[in-house]
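Novice: need a structure here:
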Amino acid sequence: MKKISILGCGWLGFPLAKSLIKKGFLVNGSTTSIEKLAVLRHEGITPFLINISLPVVLENNNSDTFSDSMSAFLQESDTLIIDIPPKLRGDEAATIEKIFVKKIASLIPYIEKSTIKNVLFVSSTSVYGEQQLNVTEVTIPKPDTESGKQLLEVEQILQKNINFKTTILRFGGLIGEDRQPGKYLAGRENLENPDAVVNLIHQEDCIGIIIKIIETNNWNETFNAVSPFHPTREEYYTQKARELNLVLPKFDHSKPSSGKIIENDKIELLLKYTFTKPNL
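Specialist: As a prediction, this is how the structure comes out:
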């Protein structure tokens, strides 16, 4: 059986790990929560407590060095999935020191020494910034947020490394059963960009696309991953609030709307992936 290591078994990584196990893969999964170790183990995931920001970590509840823990986490794995959000909003120190970039860069020596052949890095369409056009994978990224800038730098660091193959997966806005879009803007007023379109993707399709990449060996690629459904912000969020019987959002039409459409043609044509939640 092939083994996959998932760095970050959170909102996406945890259900992804369970889906991979159902497909017959062995899975190593990391978490920063001691309490979650038992949860991962219960699902058949080999758990590792790893916090990249700390020099010393606990692995399987035993005190160990970071080096030994990372080596064990990657041991005998063919593929590494990195799914760690930057979490840079409002953190001036993390912004100035490029904390997220340094965290991921610190993993490179361990990956190089391991059995890892392929890396899948979960990124974001925020690397494109607010460009006013239809965005494809050949569009030059122009991030305008610190999170987007550091994600792009990490993408480049990983893709330039010749010791393993890297595929970049740029997700749009993430939604799922516990992330109800109708709650995001319900009851709010004077919302801008009513006619801009939404670029979202459901958790189920995030998982499906990752598994498809692994099963078809599509490495050294970059994919935009968003639903093919692009209603306007006003249409979408009003309808979702209505479905949940919430106060409808009110949009400001006094200014022209602006925004981009993320194209997902490569997902459908190269991967031949069919969305399970196309209408979100």
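
Novice: so what does residue 222 look like in phi/psi?
Specialist: Main-chain torsions, residue 222, degrees, to the nearest 10: phi -130, psi 130.

Novice: to clarify, my last question referred to residue 99.
Specialist: Here is the backbone geometry of residue 99 (degrees, to the nearest 10): phi -60, psi -50.

Novice: do residue 271 as well
Specialist: Backbone torsions for residue 271, taken as degrees, to the nearest 10, come to phi -80, psi -20.

Novice: burial count for the nearest residue to it once chain neighbours are set aside?
Specialist: Distances taken as CB to CB, 6 or more residues apart in numbering put residue 212 closest to residue 271, at 5.0 Å, once the chain neighbours are dropped. Just so you know, the C-beta spots here come from the backbone N, C-alpha and C atoms, and that holds for glycine as well. Neighbour count of residue 212, defined by other CB atoms under 10 Å: 18.

Novice: so residue 212 versus residue 6, what's the distance?
Specialist: Remark: distance between residue 212 and residue 6 (CB to CB, to the nearest Å) = 16 Å.

Novice: any idea which helix or strand in this structure has the lowest mean pLDDT?
Specialist: One helix or strand of the chain scores below all others by mean pLDDT, DSSP states H and E: strand 56-59, with a mean of 38.

Novice: any weak-confidence spans in this structure?
Specialist: Counting by pLDDT under 70, the chain contains low-confidence residues at 53-64, 88-96.

Novice: for it, which segments are assigned as helices?
Specialist: 13-22, 36-42, 66-74, 92-96, 99-105, 108-113, 146-160, 181-184, 203-216, 233-243, 265-269 (DSSP state H).

Novice: for residue 128, which of the ones you listed is the nearest?
Specialist: Judged by CB to CB, the one of these that comes nearest to residue 128 is helix 146-160, at 7.8 Å.

Novice: quick check: buried residues in that closest one?
Specialist: For helix 146-160, burial by neighbour count (16 or more other CB atoms under 10 Å) applies to 146, 147, 148, 149, 150, 151, 152, 153, 154, 155, 158, 159.

Novice: in a markdown table, list these along with distance to residue 278.
Specialist: Formatted as a markdown table, the buried residues of helix 146-160 follow (distance: CB to CB, whole Å):
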| residue | distance to residue 278 |
| --- | --- |
| 146 | 32 |
| 147 | 27 |
| 148 | 26 |
| 149 | 31 |
| 150 | 31 |
| 151 | 26 |
| 152 | 28 |
| 153 | 32 |
| 154 | 29 |
| 155 | 27 |
| 158 | 30 |
| 159 | 29 |
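
Novice: distance of residue 47 from residue 257?
Specialist: Applying CB to CB, the value for residue 47 to residue 257 is 46 Å.

Novice: which one of the two has more residues nearby?
Specialist: The neighbour count for residue 47 versus residue 257, taken as other CB under 10 Å, is higher for residue 47 (24 against 16).

Novice: who's that one bridged to?
Specialist: On the basis of DSSP bridges, residue 47 is bridged to residue 29.

Novice: quick one: contacts for it?
Specialist: Shown in contact with residue 47 (CB atoms under 8 Å, 6 or more residues apart in numbering): 29, 30, 31, 36, 37, 38, 40, 41, 60.

Novice: report the two of those residues separated the most.
Specialist: Spanning the widest gap among those are 30 and 38, at 14.5 Å by CB to CB.
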